[in-house]
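Visitor: This is the structure alone, sequence omitted:
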């Protein structure tokens, strides 16, 4: 009888302790601090990654309690990657539920070697912007290929700024100085990089192609890059692509300010809109 009484008392104590522990862990970190801050969940982040980041940003009191809440609600697989607006005045449960309601931002990936028109098509599908307006306003060759997290309500100007700022960040002063040492302008470097991106896939192949094209450029020889012909021809309705797969002799004989197969020497600064 005494053992049963002891077990019951311990059970009550543990229940009270657990309730207090849960209650304390679920409380807001700072109930008076209502200003929201950005909280980003990267793609592929685990629940533990998210919990650690919440704690680092001082948004939750107790990691164990937050994990318990997530499992209790059954939302482990419902938490989404993206950007959220959270505040220390929110309880752990409120934060957990907020992370399942959809991000304020949209993930968008711009791959290497595509035209400005193709970038416009990608953005038009994910954001409320007309592709034609983006094409008019976006600069040539400065739309850096990368994965971005962009606000769903972002304007064309904001999106362009995000992409071009990333380009400026990646195209460092060191790279610019190396270009100057070779007697090349920024536009020439960008165009050459774009041509290389279309002509080769592997790093080794790109180095070889870049070396060949640079030599042709320095010797004032035709670059003879098929991608410039594809660019000049434009969209192919039958193939549903901006890059014609099989070029004919007639295609290769086309002479525009972009093509480099025959008479044109060097390259025009707007030959390609791709960014390597």
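Guide: Everything's here; your move. Quick caveat, the model's predicted, so the values are computed rather than measured.
Visitor: pLDDT weak spots in the stretch 151-276 of the chain?
Guide: 261-276 (pLDDT under 70).
Visitor: again, only this time at 80
Guide: Applying pLDDT under 80 to the stretch 151-276 of the chain picks out residues 254-276.
Visitor: in it, which spans are helices?
Guide: Counting by DSSP state H, counting those that start in this stretch, the stretch 151-276 of the chain has helices at residues 156-170, 173-181, 186-199, 203-218, 226-233, 249-252.
Visitor: Kindly reformat these as a markdown table and extend each row with mean neighbour count.
Guide: C-beta here means a position set from N, CA and C on the backbone, and glycine is covered the same way. Below are the helices of the stretch 151-276 of the chain laid out as a markdown table (neighbours: other Cβ atoms under 10 Å):
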| stretch | mean neighbour count |
| --- | --- |
| helix 156-170 | 15 |
| helix 173-181 | 11 |
| helix 186-199 | 21 |
| helix 203-218 | 14 |
| helix 226-233 | 21 |
| helix 249-252 | 10 |
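Visitor: Reformat those as CSV; add distance to residue 118.
Guide: Shown next, in CSV, are the helices of the stretch 151-276 of the chain (distance: least, Cβ to Cβ, whole Å):
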stretch, distance to residue 118
helix 156-170, 13
helix 173-181, 25
helix 186-199, 12
helix 203-218, 20
helix 226-233, 12
helix 249-252, 20
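Visitor: Can you check which of those helices gets nearest to residue 115?
Guide: Closest to residue 115 of the helices of the stretch 151-276 of the chain, according to Cβ to Cβ: helix 226-233, at 7.2 Å.
Visitor: how much distance is there from the closest one to the middle of the chain?
Guide: In terms of Cα atoms, centre = their mean, to the nearest Å, the centre of helix 226-233 is set 27 Å apart from its chain centre.
Visitor: Could you check the angle it makes with helix 186-199?
Guide: Counting by axes from the mean of the first three to the mean of the last three Cα atoms, to 10 degrees, helix 226-233 points 100 degrees away from the direction of helix 186-199.
Visitor: who are the neighbours of helix 226-233, in terms of helices and strands?
Guide: Judged by 3 or more Cβ pairs under 8 Å, 6 or more residues apart in numbering; DSSP states H and E, helix 226-233 is in contact with helix 186-199, helix 249-252.
Visitor: Give me the angle between the first one and helix 156-170.
Guide: Spelled out, it's helix 186-199. 90 degrees.
Visitor: same for helix 186-199, what does it pack against?
Guide: helix 173-181, helix 203-218, helix 226-233.
Visitor: if we go to 6 Å?
Guide: Contact analysis of helix 186-199 by 3 or more Cβ pairs under 6 Å, 6 or more residues apart in numbering; DSSP states H and E lists helix 203-218 as its packing neighbours.
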